[in-house]
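**Q** what follows is a protein structure lacking sequence information:
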Ligand code: F6R
């Protein structure tokens, strides 16, 4: 794991957006894994700015989402599909065929998604956030290192942490998530953590590996795992 501690949240966001932009601009890199959540909103805003400013052509690039809630009507405002359309797809005018949404409407959703990722040649760069309980995607504590895309239950803490993002009355309790094994197959991983609510989990992650109580710790042996932090998220690292 390589660690980058930035001077400000803005610097951390720009660092991650710049890495994504460099990958996206590289003609040999075609497949990207996208995360959602509050942390990523400014990253997408900066990435879109960089792409528009440079006139980069995203034809032939494909994007796979990390996860999606069950139990929401298609395109519901709480869904990650709605999020990624709003914050990424629509501002860049990307075609539907370029974005792979976890197929929550299918019975064999996990197998189908894994097959789609394989068929496209695997993920070149996976963007990741981290939950306060160490989850990556929605691989909650106790998830197995070799887990693949599957239906997962959300923990009460995750539901609570995400409550302010839910629109309307439906509170999702489960999701389809890429597994830890799926994430580990990506050629490069870049994780961004910002804010003091992530300080404890980042301290744990920096000091531990392969601990099922913190799923992100399974990533530490990945050959290309970059962790980017703002000062608040890094504040408990000694
Ligand atoms: C989102 C995802 C989650 C979030 C994590 C942090 O696609 O997979 O693992 O990255 O819950 O969310 P925020 O950024 O809202 O704190």
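**A** Yes, it's here. Keep in mind it's a predicted model, so treat the numbers as computed, not measured.

**Q** pLDDT score for residue 54?
**A** Looking at residue 54, its pLDDT reads 98.

**Q** ugh, wrong one, residue 238
**A** On pLDDT, residue 238 comes in at 84.

**Q** give me the neighbour count for it.
**A** Residue neighbour count, defined by other C-beta atoms under 10 Å, stands at 5 for residue 238. Quick note: C-beta positions are derived from backbone N, CA and C, even for glycine.

**Q** show me what the helix-or-strand element of the chain with minimal mean pLDDT is packed against.
**A** Lowest on mean pLDDT, DSSP states H and E among the helices and strands of the chain sits helix 156-162, with a mean of 93. Helix 156-162 sits against no helix or strand, with contacts defined as 3 or more C-beta pairs under 8 Å, 6 or more residues apart in numbering; DSSP states H and E.

**Q** is the ligand within reach of it?
**A** No. On the criterion C-beta under 6 Å from any ligand atom, helix 156-162 is out of touch with the ligand, staying 6.7 Å away.

**Q** for that helix, what is the distance to the chain centroid?
**A** In this view, helix 156-162 has its centroid 17 Å away from the chain centroid, taken as C-alpha atoms, centre = their mean, to the nearest Å.

**Q** now do stretch 163-172
**A** Stretch 163-172 sits 20 Å away from the centroid of its parent chain (C-alpha atoms, centre = their mean).

**Q** first-to-last residue distance for it?
**A** End-to-end distance for stretch 163-172: 9 Å, by C-alpha to C-alpha, to the nearest Å.

**Q** ok, stretch 132-144 next?
**A** End to end - C-alpha to C-alpha - stretch 132-144 spans 18 Å.

**Q** list the contacts of residue 85.
**A** residue 75 (C-beta atoms under 8 Å, 6 or more residues apart in numbering).

**Q** would you mind measuring from it to residue 63?
**A** Distance, residue 85 to residue 63, by C-beta to C-beta, to the nearest Å: 11 Å.

**Q** cool, residue 237 as well?
**A** 31 Å.

**Q** between the two, which has more neighbouring residues?
**A** Between residue 237 and residue 63, counted using other C-beta under 10 Å, residue 63 has the larger neighbour count: 21 against 14.

**Q** pretty sure residue 60 sits against residue 31.
**A** No. Using C-beta atoms under 8 Å as the test, residue 60 is too far from residue 31 to be in contact (10.1 Å).
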